[in-house]
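sequence and computational prediction follow.
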Amino acid sequence: MNKPTTVVVIRSLSFTGTTWVNVLLGCHPRAFALGPPDRVLGLSYKEGWEDACRVHGPECLFWPAFHEVYDPAGNFYRQLAAFAGRDVIVINNPQGGGKGDKDLYHPDILLKHVRVVRDGRAVCRSYVRNNPGTDYYHAVKDWFLPSGQAFDFDEQDPDVLCIRYEDMVEDQFAAMQRFGRFLGLEYPDNFYKFWEFDHHIISGNASIYGMIRRFREGKPFSGRKRVFYEQAYERLRQNPEKPVYDAAWEEDLGRRERFVFDYFCGPINARWGYPRDTFSAGEFRRFSAEIAETSAALPEEGNVRPLFRGRWVRQVEDILRRGVFASGRRLRWLVVALAAFYGLSVGAAALLGWWLGD
């Protein structure tokens, strides 16, 4: 029997610290932090993978060497694990229908599912900062709302490890113990110094692989946020056990922005375990009137109904797509649903027969 390859599949929204989590999980001799697999699989095979590594850039020796022996017709993760000498591959957000997604469902691959969330108010603030010209209202209503509704975060699901970004920042040691138990790995004591490990991540937040280069090679940051990242580097250098956390959103967001978020996405944030903002009667009347003027169609019952309907639809779609590789919780749900449907059908048939016979 072939030794299985464990693939850790992190699902998250943008601006939730996913790259940092991915890299931390790669700080183990048996683990390889990959990132979004579709980027490397989308690179031109004929030209090689010299541009694949975001940490070492064109000086990377790993990806070009792997490219030489990689068979596109074979399973990507099994080949990567064998070449890297690791049996745990950490990825995030593979695109549905692509090779990075299809290759997950293999008899010699053990899937470990992880969900990462961050306070939606902070996420929307980051979206606005990184998308000039977008205001907070449209970031909440048009971007975060549909993504948040579709995101499955159930802390009671035994088959999925659900974690909040803020909890990891607060105590990354406790969080990594949870990950270790979930993955069957015992992480080294210095995992938090992620720059001391050999990473070849292919995509993600530039600040993370930029931080690795800063520590290992002394290369300074560049770009419009270089001052912020240089300050973050100094904080990490002086106190590496304390992760850098940007809490400026708590002061940046005014009462109107907080109301807009709570109006559209408060139930989503609460479902993820975040406390909702409260407002006075005057604020509620004033901000509601502003939203009514801005939005032509208000959401139905605070988006509770669409969220409920969408969850059932997503479960059916997930089972149909994954088949026998669907999670145990999904399959148990299907059995219960089919049993309930069968029971209702038999009852309805008996009632109809009684009525017609009478």
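Structure's in. What do you need?

going forward, measure contacts between C-alpha atoms and count neighbours the same way
Will do.

tell me the helices and strands packed up against the helix or strand hosting residue 177.
In this assignment (DSSP states H and E), residue 177 forms part of helix 172-183. Using 3 or more C-alpha pairs under 8 Å, 6 or more residues apart in numbering; DSSP states H and E as the contact criterion, the elements in contact with helix 172-183 are helix 165-170.

just the buried residues of the helix it packs on, please?
Along helix 165-170, these residues count as buried under the neighbour rule (16 or more other C-alpha atoms under 10 Å): 165, 168.

next: stretch 31-42.
With the criterion 16+ other C-alpha under 10 Å, stretch 31-42 contains buried residues 31-38, 40-41.

and that stretch, how far from the chain's centre?
Computed by C-alpha atoms, centre = their mean, to the nearest Å, the separation of stretch 31-42 from the middle of its chain amounts to 14 Å.

can you list the neighbours in contact with it?
19, 22-23, 25-27, 49, 52, 84, 86-95, 98-100, 199-204 (C-alpha atoms under 8 Å, 6 or more residues apart in numbering).

what sits up against the helix holding residue 177?
Contacts for helix 172-183 (C-alpha under 8 Å, 6+ apart): 25, 112, 161, 167-168, 185-187, 192.

who wins for most neighbours among those?
For those, neighbours were counted by other C-alpha atoms under 10 Å; the highest total belongs to residue 25, with 26 neighbours.

buried ones in the helix holding residue 177?
Buried, per 16+ other C-alpha under 10 Å, within helix 172-183: 172-173, 175-176, 179, 182-183.

same check, this time on stretch 79-96
Going by 16+ other C-alpha under 10 Å, stretch 79-96 has these buried residues: 79-81, 86-94.

what does stretch 195-210 give?
When burial is assessed from 16+ other C-alpha under 10 Å, stretch 195-210 yields the following buried residues: 195, 197-204, 207-210.

would you list those residues in JSON lines and tack on distance to residue 257, secondary structure and pLDDT?
Converted to JSON lines, these look like this (distance: C-alpha to C-alpha, whole Å; DSSP: H, G, I helix; E, B strand; the rest coil; pLDDT from 0 to 100):
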{"residue": "195", "distance to residue 257": "37", "secondary structure": "helix", "pLDDT": "96"}
{"residue": "197", "distance to residue 257": "40", "secondary structure": "coil", "pLDDT": "97"}
{"residue": "198", "distance to residue 257": "41", "secondary structure": "coil", "pLDDT": "95"}
{"residue": "199", "distance to residue 257": "39", "secondary structure": "coil", "pLDDT": "97"}
{"residue": "200", "distance to residue 257": "39", "secondary structure": "coil", "pLDDT": "97"}
{"residue": "201", "distance to residue 257": "35", "secondary structure": "coil", "pLDDT": "96"}
{"residue": "202", "distance to residue 257": "35", "secondary structure": "coil", "pLDDT": "95"}
{"residue": "203", "distance to residue 257": "31", "secondary structure": "coil", "pLDDT": "94"}
{"residue": "204", "distance to residue 257": "28", "secondary structure": "coil", "pLDDT": "92"}
{"residue": "207", "distance to residue 257": "27", "secondary structure": "helix", "pLDDT": "91"}
{"residue": "208", "distance to residue 257": "29", "secondary structure": "helix", "pLDDT": "94"}
{"residue": "209", "distance to residue 257": "32", "secondary structure": "helix", "pLDDT": "92"}
{"residue": "210", "distance to residue 257": "32", "secondary structure": "helix", "pLDDT": "93"}
